[in-house]
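Novice: Predicted coordinates and the sequence they were generated for:
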Amino acid sequence: MNQYVAGLRARIDPSQIPSPVDAIEADKEAWESQMYMTLPGNNPPLSTTDFVAFDQGNSNPKYMRVTTWNIPSSAHLARECEIPLAVVVQPLADLDPREEPVPLVDCGESGPPRCTQCRGYINPWCVWTAGGSRWRCNLCGHETEVSQEYFCNIDANFMRMDQANRPELNKGTVDFVANSEDYWAPPPLPKLTPTYFSTELPPTTARKPQPMNYLFAFDISFEAVESGLLKSACDTLLDILYGGEATDGTPFDPCFPRDCRIGILTFDRALHFYNLSSRLPQASVIVLADLDEIFVPLRDGMFVDPLESRTVIEGLLSSLPERNSTALLGEASLGAALIAGLASLAGMGGHVVVFQSTMPTVGPGALDPLTDESGVYGTEKETKLFLPRDRVWRDVAEECAEEGIGVSLFLGMSKTIDIGSIGIVSSITGGQMYFHPRFKPSRDQIVIASQLRRLVTRTAVYNCVMRIRCSHGLRISKYYGNFYERSLTNLEAGVWDADKAFSATFEHTRTLDERQYAYLQCALLYTTTDGQRRVRTCNLALQVVSLARDVFQYADMDATVCHLARQAMTNLSNRRMAQIREELTEQCSSILLGYRRNCATATAASQLIIPEAFRCLPVYVLAITKTKPLKGRTVAADVRNYNARKILSMGVRSTMQHLYPRLLALHDLEDAIALPNDTTGQIVFPSLMGNSHVYMEARGVYLIDNEEYMIFWVGSGVSRQTLYELFGVQDLFVLNPNMTSLPVLNTRLSQQVHNILAHRYSQRGYVPQMLLARQNMDGTEIEFSDMLVEDQNNGAMSYLDYLCLVHKQINTVVTQGVSISGGPSLRGSPW
């Protein structure tokens, strides 16, 4: 179970240190050929493995992962182990096509059976008593009467006779239909000073579920028109609504959700509302110039069925770029546009999708140009870069979340836009931010089209409330992620989707009984895009143990790393970056020290002992310190804020692949790899390689992918044949460094690489931005080298040096008896 790294000399053979790639490949080999059964007592596959899970009452690990699948029986043992007790939840995660879909359960008008004391939902771990007329809640132990319509006799094993036909009694993840008004979204509390003006009285009754409305808001300032963002956005939306043709002439179908309605708003120094009624020959516009008193000047025709009003919408979107081609206004009031979206969707909920090019310097929440930010790094003022400069942005975000409205931002700017302020709107409402600095249609059109397509096609819901309940002896202490935390127990979000996750830490309130399981239940109450109110419940039963060895044996490194990354991003608004980096290193050392003290006391202090479950923890923690929000070098505040908010909402798999990007050698692919097998038709994909220049050679072509960028690095000694087979050219100097997609060629290598890219597209549903870096020729090589996290870069040390630092910290504690924070650290280091 232990991995020894002996000697830790100044020079260490790279083959001696734990490799993430070895762990990833070994796990794939173990799990891609067999099914994972979810009963307690099994270590799940890594998040990076394409595994198939069979739900036996515990949720699929794609939905819920805990930092250890064996819960310490006491708070004392938890402190001794130093593993943070946390759960990462991605309640709408995409499943493997080979897995069973989540069952939908309709329990009638009364809704799903719930505990009358803790309000937990019925699940496979409840116990039936009194001949089936009562059930004992696994979370609080309270017994609840079974309603007459839900009653069923029990057998000799105290199981219901209809158990096999009740998915909620044998599956860890289910969707309950929630038709009752008790589950409808309640109206928000009235405001003392209203954000917008309305002739209608504020609603006092719960919001009746209905299909989701989308409002697309376009910045029509000079910058948006000049950069091409407005035209790209309009063209992309037209393709999504009505279909179109790809660059190769292949037609594709529309993909806008059925039953959803659409509204269009444009803005500069004024707001432009459009009547899209199908009765009109073309869209009519109403201009609202007074941004101090915002209201919605029309109701009929504001939101329409895109198919019924196709002629009107096509005419408007096609004419917007040309109509505003002479725009001279340089300002665009994003705050006013968001308030207009709030006013138009209030009482219904929905999704506002904004395309913005300039910092909002007029209207509500107007921001002054940022002063030089480089002077604040390393000072106490550093934290202010991660906070909104005007309270309006937080107020609008919270009000949108209360109304069930999500906001997604497509940002294509040439100058700073202050994501620290405006980004809070998408974070609190559960929306997403897309970042395209120095927007160029020739480079970014493909990416923005893929992102918008993913936004409307992935599993998405709105009017959301989330809560995690624990069994007796445990309690949730804190949540981490992008949401609105109005109360201590409930999380709210305007929208939520398949790509979003959050984490929560939990703690002991008393000693747990080893003979019983500990339980976690996450409930997500939401409205589907077609207007049905549902509750998704995800359940986990976890073994309780009293030995540290058992806690470490079932630890989950992926969940631990994901939680540590979220915690670090959350701390940016109240701690200096240098302090956060030091705390991460100390957390890493503490976990390894906890194992050494409790499970390997007999070993020499000169040896670094790494538990099997955490064998790659140091390199992943190092990778967190090298992320753009935390790296030591000068990075624009907008870049730091964008990446911090992105990491806060990423699922476990995406986080792991973002921290340690997948690196492939394309020039050495075997003939049969990444091609369909002649007999089975299955495709085997190539193994990854370590993220260091040590493993690379100048004659090679490499692909690195961190979920945001996909970079092809071409060595200066690459052969003409490889260049021709992959790029269709024979000279490195002729290769176009601005290439945005790989050419489709009739060569084996081209087919292999396209199959690899297609496989990754099927996994994540969108295309990252493609970049090309020729050795010693292109500036994008800096971005490529920064992704090689095992090297010395990003203002931080190499993996080998970092491992030495962690070892020194542990060695100092073991030999001198001081605390981890008192030992060697990054303070005063040359990095």
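Specialist: Nice, I can see it. Residues are numbered from 1 along each chain as shown.
Novice: how much space between residue 156 and residue 662?
Specialist: 53 Å (Cβ to Cβ, to the nearest Å). (Each C-beta comes from the backbone N, C-alpha and C, glycine too.)
Novice: Would you mind telling me which of these two has the busier surroundings?
Specialist: Between residue 156 and residue 662, counted using other Cβ atoms under 10 Å, residue 662 has the larger neighbour count: 21 against 5.
Novice: Would you mind confirming that that one is in contact with residue 704?
Specialist: Yes: using Cβ atoms under 8 Å, residue 662 makes contact with residue 704 at a distance of 7.0 Å.
Novice: what residue ranges in the protein score low on pLDDT?
Specialist: 1-15, 822-831 (pLDDT under 70).
Novice: Grab the longest strand from it for me.
Specialist: strand 533-545 (DSSP state E).
Novice: And that one, how far out from the chain middle?
Specialist: 20 Å (Cα atoms, centre = their mean, to the nearest Å).
Novice: same question, stretch 803-812
Specialist: With Cα atoms, centre = their mean, you get 32 Å for stretch 803-812.
Novice: now stretch 562-569
Specialist: 12 Å.
Novice: Need the residues that contact it.
Specialist: 65, 67, 84, 86, 88, 480-481, 501-503, 505, 580, 583-584, 587, 621, 624, 627, 629-630, 644-645, 647-648, 650, 652, 655-656, 659 (Cβ atoms under 8 Å, 6 or more residues apart in numbering).
Novice: hey, where'd the strands end up in the stretch 1-150 of the chain?
Specialist: 2-5, 35-37, 52-54, 64-66, 70-72, 86-89, 104-105, 127-129, 134-136, 143-145 (DSSP state E, counting those that start in this stretch).
Novice: which residues in the stretch 501-650 of the chain form helices?
Specialist: Along the stretch 501-650 of the chain, counting by DSSP state H, counting those that start in this stretch, helices occupy 548-553, 557-571, 577-599, 617-625, 637-649.
Novice: quick one: which of those is nearest residue 708?
Specialist: Residue 708 lies closest, by Cβ to Cβ, to one member of those: helix 637-649, at 7.8 Å.
Novice: quick revisit: can you list the helices of the stretch 501-650 of the chain in CSV and add distance to residue 54 and mean neighbour count?
Specialist: Converted to CSV, the helices of the stretch 501-650 of the chain look like this (distance: least, Cβ to Cβ, whole Å; neighbours: other Cβ atoms under 10 Å):
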stretch, distance to residue 54, mean neighbour count
helix 548-553, 23, 21
helix 557-571, 20, 25
helix 577-599, 31, 21
helix 617-625, 29, 25
helix 637-649, 28, 23
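Novice: Dump those helices into CSV; add distance to residue 820 as well.
Specialist: Below are the helices of the stretch 501-650 of the chain laid out as CSV (distance: least, Cβ to Cβ, whole Å):
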stretch, distance to residue 820
helix 548-553, 17
helix 557-571, 15
helix 577-599, 5
helix 617-625, 13
helix 637-649, 25
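Novice: State whether residue 653 is indeed within a strand.
Specialist: No: using DSSP: H, G, I helix; E, B strand; the rest coil, the secondary structure at residue 653 is helix, not a strand.
Novice: Return the residues in contact with it.
Specialist: Contacts of residue 653 (Cβ under 8 Å, 6+ apart): 47-48, 558.
Novice: Could you report the separation of it from residue 188?
Specialist: Distance of residue 653 to residue 188, given as Cβ to Cβ: 35 Å.
Novice: Mind giving me the packing neighbours of the longest strand of the chain?
Specialist: strand 64-66, strand 70-72, strand 173-177, strand 518-528 (3 or more Cβ pairs under 8 Å, 6 or more residues apart in numbering; DSSP states H and E).
Novice: change it to 10 Å
Specialist: Applying 3 or more Cβ pairs under 10 Å, 6 or more residues apart in numbering; DSSP states H and E, one finds that strand 533-545 contacts strand 64-66, strand 70-72, strand 86-89, strand 104-105, strand 173-177, strand 460-470, strand 518-528, helix 548-553.
Novice: Now do the contacts for residue 776.
Specialist: Residues in contact with residue 776 (Cβ atoms under 10 Å, 6 or more residues apart in numbering) are 698, 715-716.
Novice: which of those lies closest to residue 740?
Specialist: residue 715 (21.3 Å).
Novice: How about the secondary structure of the closest residue to the closest one other than its chain neighbours?
Specialist: Counting by Cβ to Cβ, 6 or more residues apart in numbering, residue 698 is the residue found nearest to residue 715 once chain neighbours are left out, at 4.2 Å. Three-state assignment for residue 698 (three-state DSSP): coil.
Novice: With residue 345 as the reference, name the closest of the helices of the stretch 501-650 of the chain.
Specialist: Using Cβ to Cβ, the nearest of the helices of the stretch 501-650 of the chain to residue 345 is helix 637-649, at 21.6 Å.
Novice: send the alpha carbons of the closest one over as PDB?
Specialist: Listed next in PDB are the C-alpha coordinates belonging to helix 637-649 (Å, rounded to 0.1, in the frame of the first residue of the first chain):
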ATOM      1  CA  ALA A 637      -6.900  40.200 -12.800                       C
ATOM      2  CA  ASP A 638      -9.500  39.300 -15.400                       C
ATOM      3  CA  VAL A 639      -7.700  36.100 -16.300                       C
ATOM      4  CA  ARG A 640      -7.300  35.200 -12.600                       C
ATOM      5  CA  ASN A 641     -11.000  35.800 -11.900                       C
ATOM      6  CA  TYR A 642     -12.200  34.000 -14.900                       C
ATOM      7  CA  ASN A 643     -10.200  30.900 -14.100                       C
ATOM      8  CA  ALA A 644     -11.000  31.000 -10.400                       C
ATOM      9  CA  ARG A 645     -14.800  31.100 -11.100                       C
ATOM     10  CA  LYS A 646     -14.400  28.300 -13.700                       C
ATOM     11  CA  ILE A 647     -12.600  26.000 -11.300                       C
ATOM     12  CA  LEU A 648     -15.200  26.600  -8.600                       C
ATOM     13  CA  SER A 649     -17.900  25.000 -10.800                       C
END
